[in-house]
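Peer 1: compute the structure for the input listed below.
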Amino acid sequence: QVQLIESGGGLVQAGGSLRLSCAASRRTFIRYDMGWFRQGPGKEREFVAAISWNGGSTYYADSVLGRFTISRDNAKDTVYLQMNSLKPEDTAVYYCAADSNYSGNYYQANKYDYWGQGTQVTVSS
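Peer 2: Residues are numbered from 1 along each chain as shown. Sure, this is the predicted structure:
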């Protein structure tokens with residue numbers, strides 16, 4: 001079992017920045033593809049960004065491309081989501097997710113085996 005713990009959420013004004021972190025409880029983190037998803041008020045959970053186990057490939061939703069950057073530090077068992085130029089429509093609970101099977105579509109939630117509890121991001125206008 002892997003525990004994922006997100007941090008870094010909060011309240012920010014439109015145009016501001018936040019960096020989310022997701023720490024994994026196991027040293028096998030290096031073997032996992034990782035993703036970030038979000039769920040806004042009254043909306044379904046949606047894909048935000050993903051990164052392959054070695055950091056060699058990254059994937060982004062069109063809505064965040066050019067504003068968000070996903071990265072990982074395998075030495076620290078942590079994945080990050082740097083969010084710049086935030087907009088009110090980015091308001092959501094952000095979840096990190098891990099896939100230990102190297103299978104499935106990075107953009108789809110069913111690829112991922114483990115999920116964090118989520119961290120709230122609120123962007124005021």
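Peer 1: for the spatially closest residue to V64 that is not a sequence neighbour, pull up the helix or strand it's in.
Peer 2: Distances taken as CB to CB, 6 or more residues apart in numbering place V48 nearest to V64, at 5.8 Å, with adjacent residues excluded. No exception for glycine: its C-beta is placed from N, CA and C like everyone else's. Element membership of V48 [criterion: DSSP states H and E] is strand 46-51.
Peer 1: partners of the helix or strand just after that strand, with directions?
Peer 2: Next along the chain after strand 46-51, taking DSSP H and E as the criterion, comes strand 58-60. Here strand 58-60 is paired, per DSSP bridges, with strand 46-51 (antiparallel).
Peer 1: would you mind writing the CA trace of the partner strand as PDB?
Peer 2: These are the backbone C-alpha positions of strand 46-51, laid out as PDB (Å, rounded to 0.1, in the frame of the first residue of the first chain):
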ATOM      1  CA  GLU A  46     -10.500  15.900 -14.500                       C
ATOM      2  CA  PHE A  47      -7.000  15.300 -15.600                       C
ATOM      3  CA  VAL A  48      -4.500  18.100 -15.000                       C
ATOM      4  CA  ALA A  49      -0.900  16.700 -15.600                       C
ATOM      5  CA  ALA A  50       1.100  13.500 -15.400                       C
ATOM      6  CA  ILE A  51       4.700  12.500 -15.500                       C
END
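Peer 1: understood, closing this out.
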